[in-house]
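K.L.:
Okay, predicted coordinates and the sequence, questions at the end:
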Amino acid sequence: MLKPLYQKIAQILIEDIQSGKLPISEKIPPENILTKKFGVSRHTIREALRILSDMNLVERQPGHGTVVKSNDTKVNYTQSINSLTEILKYPEETRISIKYSRLEYIGQTTASLIDSRIGEKWKKLSGVRSLINEKKPICWSDIYIRDQYSSIEDKIGIGPIPVYQLIEKEFDLDIQKVKVKIFASTVPEKIAPYLNVESGSAALTVVRNYKTLSNKSFEVSVSIHPKDRFTYSIELQKDWQLP
């Protein structure tokens, strides 16, 4: 999947800040200069600068333009979503490393979270998802797979193919519905060391529940992102209809 232009430009500017080419307290070149340099629109440049601002690398000062305030690129991954299907998976430049695997009989708390029945048997795979090149953790993921599909375990994390697609291919299933929940949470004590954050610190949890035609879940992922580690960037256009 090709990155949008604004993400590529943001990465170039980030590298300029990291290398000292754009030092702290230095102003970022004006938008009109950047549009000519990269051959793009002002909107594209503003989106690139927004990423830098979200990463706390720059700040916009009225009357002074955009100024570099830090070169500390804390782990912050922005997933740009241009279609509904893109919210279902992480981009190809990330991988998950499985740390734990076990069969689990679902208790009341988990049943509510993954929309299953108490006492059902699921395979639970838990691990850290990171950027491939930087090896920095983006999130901790608990992946629940209905027991009859758990034989695909050894294929998870080898390549960029999402778990639900592995199951679809292996067992000839078709996804008919995906339920996505996003809510504020905190980082549990047991996974905090894997994410290099303090236990109880703020986080964002994303739950993706994949269902068949019969409305039966066959895979559910629960991903916990520490604050400032992950951003969904969604741009929607209104479908204008004239009377």
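P.N.:
Structure's in. What do you need? Predicted model, so just to flag it, every value in this text is computed and none were measured.

K.L.:
Give me the domain ranges for the chain.
P.N.:
Using automatic domain parsing, the domain parsing of the chain gives 5-68, 77-233.

K.L.:
just flag whichever of these has the lowest average confidence.
P.N.:
Per-stretch mean pLDDT for the domains of the chain is lowest at domain 77-233 (a mean of 83).

K.L.:
The strand or helix carrying K123 - contacts with which helices or strands?
P.N.:
Using DSSP states H and E, the element containing K123 is strand 121-131. Contacts defined by 3 or more Cβ pairs under 8 Å, 6 or more residues apart in numbering; DSSP states H and E place strand 121-131 against strand 94-105, strand 137-146. Heads up, the C-betas are built off the backbone N, CA and C, glycines and all.

K.L.:
Chain neighbours aside, what residue packs nearest to E26?
P.N.:
Once flanking residues are discounted, E26 sits nearest to V68: 5.2 Å by Cβ to Cβ, 6 or more residues apart in numbering.

K.L.:
before we move on, what about I114?
P.N.:
The nearest residue in space to I114 (Cβ to Cβ, 6+ apart) is V220, at 4.1 Å.

K.L.:
okay, now the one you found: neighbour count?
P.N.:
25 (other Cβ atoms under 10 Å).

K.L.:
Quick one: list the elements packing against the host helix or strand of it.
P.N.:
Element membership for V220, per DSSP H and E: strand 217-226. When contacts are defined as 3+ Cβ pairs under 8 Å, 6+ apart, strand 217-226 sits against helix 108-114, strand 137-146, helix 163-171, strand 202-211.

K.L.:
how about the CA coordinates for it, as CSV?
P.N.:
The C-alpha coordinates for strand 217-226 follow below in CSV (Å, rounded to 0.1, in the frame of the first residue of the first chain):
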residue,chain,number,x,y,z
SER,A,217,-17.5,-14.2,15.6
PHE,A,218,-14.5,-16.2,14.4
GLU,A,219,-11.7,-13.7,15.3
VAL,A,220,-11.5,-10.8,17.7
SER,A,221,-8.4,-8.5,18.2
VAL,A,222,-8.1,-6.3,21.3
SER,A,223,-5.2,-3.8,20.8
ILE,A,224,-4.0,-1.4,23.5
HIS,A,225,-2.1,1.6,22.3
PRO,A,226,-0.3,3.8,24.8
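
K.L.:
Right, I'll call it a day here.
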